[in-house]
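[1] what's the 3D shape of this:
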Amino acid sequence: MKKVFQKAFLFVATMTLSLGFASCSDDDDPVTEGNVVPATELSAVANTYVNDIINPTYKDLRDYAKVLKDACDKAYANAKAGNLSDADITDACEAFKNARREWERSEAFLYGAAANNEIDPHIDSWPLDHDQMVKALNNQSIISGIKGSNPAQFIYTKHQHFESVIGFHGLEFVLFRNGAARTAAMLNANETEEGMTSVKGIDELAFAAAVAGDIYNMTSLLQYGWNGDATLGSWLASNCNWVIDGLKDLEDSAGALSSAGIGYGQFLLNATGEKAWFPTWQETLENVFVGGCSGICQEVYTQKLGQAYRVATGNGGTTEDGEAESRDYIESPYSKRSFIDYQDNIYSIKNSLYGTRDVTATTPVANSLMTIMKKYNYSGYNALNTALDEAIASLETAKKSGIAFVDDPANAQVKTCIDKINTLDDELNNAAAWFRALKVSK
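    Now for the predicted structure:
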């Protein structure tokens, strides 16, 4: 969400602005609980983080987004031909789940390309504004646009009046209802949602295909932003140059790549050298915890779970905009996959810390954040590891309960998840402070 991105970006921006003050000699740093840490070891940890976690996650996200685009294109084409099948919708739903999984497992590193280029609010704004969806699908100029010569370009350039209903959650609305895939019969008929009974299912499928194409383009931009691959950059320029042109209007964007003109991955790995995001390894790795992991942790327990829970239990407050909090402030209500999304968010933290994308792993890889903390005697290692395991376990219990979050946001299991994830956030910030205070050899 846009607000969380702003918080994550503000941390990175603050760190960047403070470079002149933070680049003091390593000799000025306090001694850690263990030995002096060689810079080469921290460089290896950062390399694992970028090349074994971030880059492959974004590659898989783009690959699955292409499968999603193709599945939605096929469903729309078959609907136009009069032979839409349940299998077409099921295939699109499965493709959605796969792409969605990789996106949610990227949310512990939303800073950088995703934040500065506003990719997150573009493809993952929620909750879906039902009234805005009603207006969009009843607007014949929009329907004409998504059936035009370049539907994905239309979504990107003309979405100003329906920006909350594009991306994953607009797709979710078309493909799912009440926790299940919709059927061909449903999409061969008119909508049944309030205010939409004149909307044709085939127009919804046209909308889905256009949105899926836009998601594919934006995930391509995201992958390129981190890996800086020239071939992918050329593909973007040839196939969807409008997403690059659109960056010129964004306040925090330096273009598709970082402000140094290189991918954000190399920008991060250049710590202590030229064209570096941060001047020290301490700040670089602290940002993984604060700008990355803690940012999504806070969003999950304070907003994704917290807002609807507070309202449902009679403790609703006001938002940053001064509006009343809402019981409907729930992500993924139509697919009823909220707990799955939130667990994947915590898995993104685990992947970042363990240095592997195997979410079942019980042992961190050699060059990982967890391993470096253990090797150099971080006293909070066990507390962090336990908090991580318990946060994941609480969401696993909620997933298997048979009670969807949207159906009972006041359920006691929600409070358990909130508490466990809050504890994890505390431990992440404790670990961040430890990295900030590391004494590093030259």
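[2] settle this for me: residue 373 is touching residue 381, isn't it.
    Yes - judged on C-beta atoms under 8 Å, residue 373 makes contact with residue 381 at a distance of 5.1 Å. Where C-beta positions appear, they are placed from N, C-alpha and C, glycine not excepted.
[3] these two - which one has more neighbours?
    residue 373 (24 against 18; other C-beta atoms under 10 Å).
[4] tell me the SS of that one?
    Each residue gets one of three states, and residue 373 gets helix by DSSP: H, G, I helix; E, B strand; the rest coil.
[5] the strands in the stretch 301-442 of the chain, which residues?
    Secondary structure of the stretch 301-442 of the chain (DSSP state E, counting those that start in this stretch): strands located at 440-441.
[6] skipping its backbone neighbours, what lies nearest residue 383 in space?
    residue 427 (5.4 Å; C-beta to C-beta, 6 or more residues apart in numbering).
[7] try residue 191
    residue 199 (4.2 Å).
[8] near residue 402, how many other residues are there?
    Residue 402 - counted by other C-beta under 10 Å - has 7 other residues nearby.
[9] any chance you could list what contacts the helix or strand where residue 152 lies?
    Assignment of secondary structure by DSSP states H and E places residue 152 within helix 151-157. For helix 151-157, contacts defined as C-beta atoms under 8 Å, 6 or more residues apart in numbering pick out 145-146, 148, 166, 206, 209-211, 213-214, 216-217, 240, 242-243, 246.
[10] cutoff 7 Å now
    With C-beta atoms under 7 Å, 6 or more residues apart in numbering as the test, helix 151-157 has contacts from 145-146, 148, 166, 209-211, 213-214, 217, 240, 242-243, 246.
[11] output the residues you listed as a markdown table; include the columns secondary structure and distance to residue 396.
    Output for these, formatted as a markdown table (DSSP: H, G, I helix; E, B strand; the rest coil; distance: C-beta to C-beta, whole Å):
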| residue | secondary structure | distance to residue 396 |
| --- | --- | --- |
| 145 | helix | 42 |
| 146 | helix | 38 |
| 148 | coil | 44 |
| 166 | coil | 31 |
| 209 | helix | 34 |
| 210 | helix | 36 |
| 211 | helix | 30 |
| 213 | helix | 34 |
| 214 | helix | 33 |
| 217 | helix | 34 |
| 240 | coil | 38 |
| 242 | helix | 41 |
| 243 | helix | 37 |
| 246 | helix | 39 |
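[12] looking at those residues, which is nearest residue 440?
    residue 243 (38.8 Å; C-beta to C-beta).
[13] just the buried residues from the contacts of helix 151-157, in ChimeraX please.
    To isolate the buried subset of the contacts of helix 151-157 in ChimeraX, counting by 16 or more other C-beta atoms under 10 Å, use the following:
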select :145,146,166,209,210,211,213,214,217,240,243,246
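[14] any chance of CSV for the contacts of helix 151-157, columns pLDDT?
    Shown next, in CSV, are the contacts of helix 151-157 (pLDDT from 0 to 100):
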residue, pLDDT
145, 98
146, 98
148, 98
166, 98
209, 99
210, 99
211, 99
213, 99
214, 99
217, 99
240, 99
242, 99
243, 99
246, 98
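[15] out of the contacts of helix 151-157, what pair is the most spread apart?
    Applying C-beta to C-beta across the contacts of helix 151-157, the maximum distance is between 209 and 246, 20.6 Å.
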